[in-house]
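S.K.: Have a look at this prediction, sequence included:
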Amino acid sequence: MEARILWQTRSPTPSLPRGCKVKHHSPAVLAVLTRTPGSSTLTEVTEKRNASNWTDKLPGLTRKTVYNDSWFAELAINYLSQRFQDATGLRNSKRGYESLTQTATDTWQRFSPIQQHGVVLQSLDRAIPRPILNMIRIVLPESTFKREYFAAFTTLFFAWLVGPSEVRESEFNGKKEKNVVHIKKCRFLEETNCAGMCTNLCKIPSQTFIMHSLGMPVDMVPNFDDMSCEMIFGQEPPAITEDPAFKQPCYKLCKANRKHIMKCSSKHEDARKEEFVLQKEPFILTAN
């Protein structure tokens, strides 16, 4: 801030009688604070900071994560991609995670949201033998152990699909449990950059599959600001019409929108309109 110096002067004084001495006073100095050109008030600074929150996050979001997949990860990725292609009938010549995301993009473009849920469920059902699923469901009834076991298992064995994650603690029925998987930066969301693909090709079918095949409710809560996600085992997910994930507008970093005849936001809205289909005709998983 600048300080402008003002000299206080007296108005002209009348003549004084002789013999009177006039006492000289030093001029009073007043410091007046003024705004430096280009400075901002606290309110303006706060508004600018809030407006730049997304911009501040862009460097971390746009910086591509590099994965050095092990032989096991590559095997698992290619296996899931092939089962996905079998279910959709859509083929591509790519390999690795690129093949998986290409199949997801093709599915998103050509199928309705309810069809997308169905083909992903078929893919998962083809990928994991039914006897194994039935055994897990019977041997592990829902309990603290099962919720914590699922969280630990997901963290250890599915980094190739969703990226690095960690187990976190939450309160469940008044007790502390390690039943939450915190995915630091979802690999699938980072590769697709599409809110609709996240909800329709990952969140909804995964929640449905884990519940119907393994007897475990799970709520997947994506964070579209930093690409993280939480899987809360034991927690019932909200209805699609009430799920905050489905109120997300077209993703700010979306690449797929440029390739679609229909806008992503429109197809995202369609998923909410089709919820009645899920309620009246729940998915029935059958081994093929």
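M.R.: Cool, the structure landed.

S.K.: Quick one: the strands in the stretch 151-288 of the chain, in order.
M.R.: Assigned by DSSP state E, counting those that start in this stretch, the stretch 151-288 of the chain shows strands spanning 165-172, 175-183, 218-223, 228-233.

S.K.: Reformat these as CSV; add mean pLDDT and mean neighbour count.
M.R.: C-beta here means a position set from N, CA and C on the backbone, and glycine is covered the same way. Output for those, formatted as CSV (pLDDT from 0 to 100; neighbours: other CB atoms under 10 Å):
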stretch, mean pLDDT, mean neighbour count
strand 165-172, 96, 15
strand 175-183, 97, 19
strand 218-223, 96, 20
strand 228-233, 97, 22
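
S.K.: Thr107 is nearest to which of the ones you listed?
M.R.: Nearest to Thr107, of all the strands of the stretch 151-288 of the chain, is strand 218-223, at 18.4 Å by CB to CB.

S.K.: Could you list the residues in contact with the closest one?
M.R.: 150, 186, 189, 198-199, 202-203, 206-207, 210-211, 228-238, 245 (CB atoms under 8 Å, 6 or more residues apart in numbering).

S.K.: Write the PyMOL selection for whichever of those residues are buried.
M.R.: A single PyMOL command selects the buried members of the contacts of strand 218-223 (16 or more other CB atoms under 10 Å):
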select buried, resi 150+186+189+198+199+202+203+206+207+210+211+228+229+230+231+232+233+234+235+237+245
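
S.K.: for the stretch 151-288 of the chain, which spans come out with low pLDDT?
M.R.: 250-288 (pLDDT under 70).

S.K.: how about the strands of the stretch 151-288 of the chain in JSON lines, adding distance to Arg130?
M.R.: Shown next, in JSON lines, are the strands of the stretch 151-288 of the chain (distance: least, CB to CB, whole Å):
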{"stretch": "strand 165-172", "distance to Arg130": "27"}
{"stretch": "strand 175-183", "distance to Arg130": "24"}
{"stretch": "strand 218-223", "distance to Arg130": "20"}
{"stretch": "strand 228-233", "distance to Arg130": "22"}
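
S.K.: Please consider this matter closed, and thank you.
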